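Student: My questions concern the predicted model and sequence given below.
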Amino acid sequence: MADQQTNQYDLIVLGAGPAGEKGAAQAAYFGKRVALVEQDEVGGTAVNTGTLPSKTLRETALYLSGFRQRGLYGVEYNFDREVTVDDLIRRERDIVRGHQQLVGQNIGRHGIELFHGAAALEDAHTVRVAHQHGPATLRGDVVLIATGSRPFRPPEVPFDGRSVYDSDDILHLKRIPSSLIVIGGGVVGCEYATLFAALGIAVTLIDGNEQILPFLDREVAGILVERMGALGIFLRQGRRVAAVHAAAGEEPARVSLSEGDELRAEAVLFSGGRSGNTERLGLERLGVLARKRGLIDVNERFQTSVPNIYASGDVIGSPALASTAMEEARVAVCHAFGFEYKQRVSGLVPQAVYTIPEVSMVGETEEALTASGQSYLVGRASYRINPRAEILGDTSGLVKLLFDPDDQRVLGVHVVGEQASELIHLGQACMHFGGTLDFFIQTVFNFPTLSDLYKYAAYDGLGRLQRERE
């Protein structure tokens, strides 16, 4: 910790999550003096409570349940004892600790001064850091707010950390429940629903929309819903929650629906979005504009209504991805200091949902193209025809290409199935360079690989195009 005096910096970054770390490193790389303030552990939600923990739990659940081995080689695999919380969490804790160390090493390698404590803005250039060893005052030419977000907790939901959880609390389960109700069919809700279902837990997923994950292509979302059903998930779509009751005595937790139904389970996970961590920063007195749930308004440069204060990551809202948070912060820093290095976040942002199976997409959906009046055709390739997919034991997946029938330019790529989050980047690269179906037709892929599905989706698309012209 630096001396308890006013310290002058080129950049002060609030929050050491993906946005804060990468923004600080970007400025330090170009020779700026940078202070980074973090109240909790470095790494933010991505490392400590969100991205890495939930994805690690997913892989652990797949391993412990033998899910990937089911039906392979004519052998049914089952874990030889009841899965415990310690089984589930041990690897997650190792991953979190390891990545905290990596983030800390990156901060140190760039010569960034790290201050542990709660930050508040006294004015547009002054940050006060409260710490157990006494306060520190930091002065900076530029301030980057990257304080992230936390699970939204409506007051009427009785979160108790024993039977009613949010997506942070669920990481501290004392034991694995025999049944679980998940409220909210967004990314987090769907990921946790499939994770626990893979462990053999009775899962009910409730969502107020008629379609879960409404940003997905409808055909792909439909395949995911089918696979959820195969996992044993009871999906209640288009249903509203009227009340949630925590477990009491021998009574389990209860969820009342607006239609009058009441569901019971040993545990409830409420997944209703996120709130920005901004309430203690003192933004109001500076005139930094924020909107619902504490999310900060920014322009295309990630600049707030106060010119020298920037914001990036979850604290500005959608898309609220770790991948985009890092890029937003780098772009913000480049604009703040006039670096020509990186001027905007790519318009081609892939999205991945780490459900079982994975889903990933980049570019347009059929629904968006139809709404815009853009003509398009579709090429599909099922995992069922792919030898690598058969070897892996996933034959229900799909690679789907949307393309312009006039020039065969790829407009959107959608993948559901094993390794979808990795496969999507091949389609993303093709689109980045304005590629057409011919890229996949002419490319030689390793065999057997899942990537080879792109070639057959392209052939399927060409076949449809030929039939359209006949």
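Tutor: Yep, it's here. Model, not experiment: these values are computed from the prediction. Residues are numbered from 1 along each chain as shown.

Student: where do the helices sit along the stretch 301-450 of the chain?
Tutor: Using DSSP state H, counting those that start in this stretch, the helices of the stretch 301-450 of the chain run over 322-337, 366-372, 387-392, 420-432, 437-442.

Student: Show me the domain layout of the protein.
Tutor: If you go by automatic domain parsing, the domain ranges for the chain are 6-151+275-337, 164-272, 357-465.

Student: between those, which gets nearest to Val349?
Tutor: domain 6-151+275-337 (5.8 Å; Cβ to Cβ). Where you see a C-beta, it was placed from the backbone N, CA and C, and this is true even at glycine.

Student: what distance separates that closest one from the centre of its chain?
Tutor: Here the centre of domain 6-151+275-337 is set off from its chain's centre by 13 Å, with Cα atoms, centre = their mean, to the nearest Å.

Student: Which residues are in contact with the closest residue to Gly186 other than its chain neighbours?
Tutor: By the measure of Cβ to Cβ, 6 or more residues apart in numbering, the closest residue to Gly186 outside its immediate chain neighbours is Ser271, 6.1 Å from it. Applying Cβ atoms under 8 Å, 6 or more residues apart in numbering to Ser271 gives the contacts 151, 166-167, 182-184, 186, 188-189, 192.

Student: looking at it, Arg236 is touching Gly208, isn't it?
Tutor: No - Arg236 is beyond contact range of Gly208, at 9.7 Å (criterion: Cβ atoms under 8 Å).

Student: Who has more neighbours out of those two?
Tutor: Neighbour count, other Cβ atoms under 10 Å: between Arg236 and Gly208, Arg236 has more, with 19 against 15.

Student: Where does that one sit, in terms of helix or strand?
Tutor: Assigned by DSSP states H and E, Arg236 belongs to strand 234-237.

Student: Show me what that strand pairs with in its sheet, parallel or antiparallel.
Tutor: Paired strands of strand 234-237, with direction, are strand 202-207 (parallel) (DSSP bridges).

Student: Report pLDDT for the residue nearest to Gly186.
Tutor: If you check Ser271, the pLDDT there is 95.

Student: if I look at it, how far off is His133?
Tutor: Distance, Ser271 to His133, using Cβ to Cβ, to the nearest Å: 38 Å.

Student: Now do the buried residues in whichever helix or strand comes after the strand holding Arg236.
Tutor: For strand 234-237, the following helix or strand on the C-terminal side (DSSP H and E) is strand 241-245. Neighbour counts over strand 241-245 (16 or more other Cβ atoms under 10 Å) mark 241, 244-245 as buried.

Student: Which member of the residues you listed is positioned nearest Leu437?
Tutor: Distances from Leu437 to these, taken by Cβ to Cβ, are shortest for Val241, at 44.8 Å.

Student: Mind pulling up the pLDDT for the closest one?
Tutor: Reading off the model, Val241 has pLDDT 96.

Student: Doesn't Gln8 belong to a strand?
Tutor: Yes - Gln8 forms part of a strand when assessed by DSSP: H, G, I helix; E, B strand; the rest coil.

Student: Might one say that it is in contact with Thr137?
Tutor: No - the pair Gln8 and Thr137 fails to qualify as a contact (Cβ under 8 Å) at a distance of 10.2 Å.

Student: Now do the contacts for Val129.
Tutor: 37, 115, 117-119, 135-138 are the contacts of Val129 under Cβ under 8 Å, 6+ apart.

Student: Which strand or helix spans it?
Tutor: Per DSSP H and E: strand 126-130 holds Val129.

Student: What residues of that strand count as buried?
Tutor: In strand 126-130, counting by 16+ other Cβ under 10 Å, buried: 127-129.

Student: now swap in stretch 140-160 and tell me
Tutor: Neighbour-count burial for stretch 140-160 [16+ other Cβ under 10 Å]: 140, 142-152, 157-159.

Student: ok, now stretch 427-437?
Tutor: 427-428, 430-431, 435-437.

Student: Adding distance to Leu102 and pLDDT, write the residues you listed out as JSON lines.
Tutor: Output for the buried residues of stretch 427-437, formatted as JSON lines (distance: Cβ to Cβ, whole Å; pLDDT from 0 to 100):
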{"residue": "Gly427", "distance to Leu102": "29", "pLDDT": "98"}
{"residue": "Gln428", "distance to Leu102": "25", "pLDDT": "98"}
{"residue": "Cys430", "distance to Leu102": "31", "pLDDT": "98"}
{"residue": "Met431", "distance to Leu102": "31", "pLDDT": "98"}
{"residue": "Gly435", "distance to Leu102": "34", "pLDDT": "98"}
{"residue": "Thr436", "distance to Leu102": "39", "pLDDT": "98"}
{"residue": "Leu437", "distance to Leu102": "40", "pLDDT": "98"}
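
Student: Redo the residues you listed as a markdown table? Include distance to Ile385.
Tutor: Converted to a markdown table, the buried residues of stretch 427-437 look like this (distance: Cβ to Cβ, whole Å):
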| residue | distance to Ile385 |
| --- | --- |
| Gly427 | 18 |
| Gln428 | 23 |
| Cys430 | 21 |
| Met431 | 24 |
| Gly435 | 23 |
| Thr436 | 22 |
| Leu437 | 18 |
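
Student: wait, which of the residues you listed is closest to Asp452?
Tutor: Gly427 (13.4 Å).

Student: count of neighbours near the closest residue to Gly363 other than its chain neighbours?
Tutor: Nearest residue to Gly363 in three dimensions, chain neighbours excluded: Gly412, at 3.5 Å (Cβ to Cβ, 6+ apart). Residues lying near Gly412 (other Cβ under 10 Å) number 21.

Student: My guess is Gly412 contacts Glu364. True?
Tutor: Yes - using Cβ under 8 Å, Gly412 makes contact with Glu364 at a distance of 3.9 Å.

Student: which neighbours do these two share?
Tutor: Contacts common to Gly412 and Glu364, judged by Cβ under 8 Å, 6+ apart, are Leu402.

Student: Now, the buried residues of stretch 140-160 that are in strands?
Tutor: If you go by DSSP state E, these have 140, 142-145, 149-151 in strands.

Student: now those residues in JSON lines, with distance to Leu295?
Tutor: Formatted as JSON lines, these follow (distance: Cβ to Cβ, whole Å):
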{"residue": "Gly140", "distance to Leu295": "23"}
{"residue": "Val142", "distance to Leu295": "21"}
{"residue": "Val143", "distance to Leu295": "17"}
{"residue": "Leu144", "distance to Leu295": "16"}
{"residue": "Ile145", "distance to Leu295": "11"}
{"residue": "Ser149", "distance to Leu295": "8"}
{"residue": "Arg150", "distance to Leu295": "12"}
{"residue": "Pro151", "distance to Leu295": "14"}
